[in-house]
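A.B. asks: the following block contains a protein sequence and its predicted model.
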Amino acid sequence: MSSVIVTHIERANANDVQALSAFGVATVHEAMGRRGLMNPYLRPIYDDAKVCGTAVTVSCHPGDNLMIHAAMEVCRPGDVLVVTVTSASTDGMFGELLGVSARAQGAQGLIIDAGVRDTVELTEMRFPVWAKAISAKGTVKATAGSVNIPVVCAGCIVNPGDIIVGDRDGVVVVPKAEAAQVALAAQARTDKEANVRNRLAQGELGLDIYGLREKLKALSVTYVSN
Ligand SMILES: O=C([O-])CC(=O)C(=O)O
Ligand SMILES: [Mg+2]
């Protein structure tokens, strides 16, 4: 396929992004029917990293960050860069300078299925990054790739403009067409969990709250006293 830079993309509805930003990754993932979660090898570079925004996707040649530079020009405030490589790599393709540039263009964070470097500076800047590796290994700017095409990042399909939610638990992708429905389901789960949390804190057991005694019985699990 030829290399392209798509300059105009349809982004998820801003109200849906705002609604989803209230929830953690585990809740959003559950609200989607336990779908959409990127491979857990992606880790945040600092513990309380958090992001919720619209994807600008970047497909790079491994060891080459040319297309990340190209992507900066099409970022809009609220975007999250989602960078993939065409074959596995842990090279440090993104660092402090690109972080400064990304922030200047309004990007809120980076998801990269490869390496990141300058993590002390990126942490000081509080520019959130989820990466497969931390690596000082440098990269070149030489090979064509694409910006804003559908990509697979850490096992998930990401279309430009989809919503990316990241926190310490990982990264989840919400297709823009599903966003409103997922936000409603996430709120319902949050309300349900508030009730369950309360009951657990009072000493009730999950066995009773979830009706699991019947399940144990159906599975012929017996109680014995030694
Ligand atoms: O320049 C690079 O290739 C990556 C980097 O270290 C930076 O963005 O600061
Ligand atoms: Mg650097």
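C.D. replies: The structure has been received and is ready for your questions. Ligands and ions are numbered 1, 2, ... in the order given.
A.B. asks: CA atoms for contacts and neighbours, from now on please.
C.D. replies: Fine.
A.B. asks: the host helix or strand of residue 122 near ligand 1 at all?
C.D. replies: Secondary-structure assignment from DSSP states H and E places residue 122 in helix 119-125. No: among the residues of helix 119-125, none lie within reach of ligand 1 under CA under 6 Å from any ligand atom; the closest is 9.2 Å away.
A.B. asks: for the residue nearest the centre of the chain, which three-state class applies?
C.D. replies: By CA atoms, centre = their mean, the mean C-alpha position of the chain lies nearest to residue 171, the distance being 2.6 Å. At residue 171, secondary structure determined by DSSP: H, G, I helix; E, B strand; the rest coil is strand.
A.B. asks: distance check, it against residue 44.
C.D. replies: 9 Å (CA to CA, to the nearest Å).
A.B. asks: give me the common contacts of these two.
C.D. replies: For the pair residue 171 and residue 44, residues contacting each of them under the criterion CA atoms under 8 Å, 6 or more residues apart in numbering are residue 130.
A.B. asks: where do the strands sit along this structure?
C.D. replies: Taking DSSP state E to define them, one finds strands in the chain at 43-44, 51-60, 79-85, 92-94, 109-116, 129-134, 146-147, 151-153, 156-158, 163-167, 170-174.
A.B. asks: columns mean pLDDT and distance to residue 37 on top of those, output as JSON lines?
C.D. replies: Output for the strands of the chain, formatted as JSON lines (pLDDT from 0 to 100; distance: least, CA to CA, whole Å):
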{"stretch": "strand 43-44", "mean pLDDT": "98", "distance to residue 37": "13"}
{"stretch": "strand 51-60", "mean pLDDT": "98", "distance to residue 37": "14"}
{"stretch": "strand 79-85", "mean pLDDT": "99", "distance to residue 37": "14"}
{"stretch": "strand 92-94", "mean pLDDT": "98", "distance to residue 37": "23"}
{"stretch": "strand 109-116", "mean pLDDT": "98", "distance to residue 37": "13"}
{"stretch": "strand 129-134", "mean pLDDT": "98", "distance to residue 37": "13"}
{"stretch": "strand 146-147", "mean pLDDT": "98", "distance to residue 37": "22"}
{"stretch": "strand 151-153", "mean pLDDT": "98", "distance to residue 37": "10"}
{"stretch": "strand 156-158", "mean pLDDT": "98", "distance to residue 37": "7"}
{"stretch": "strand 163-167", "mean pLDDT": "98", "distance to residue 37": "10"}
{"stretch": "strand 170-174", "mean pLDDT": "98", "distance to residue 37": "4"}
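A.B. asks: with that, I have no additional questions.
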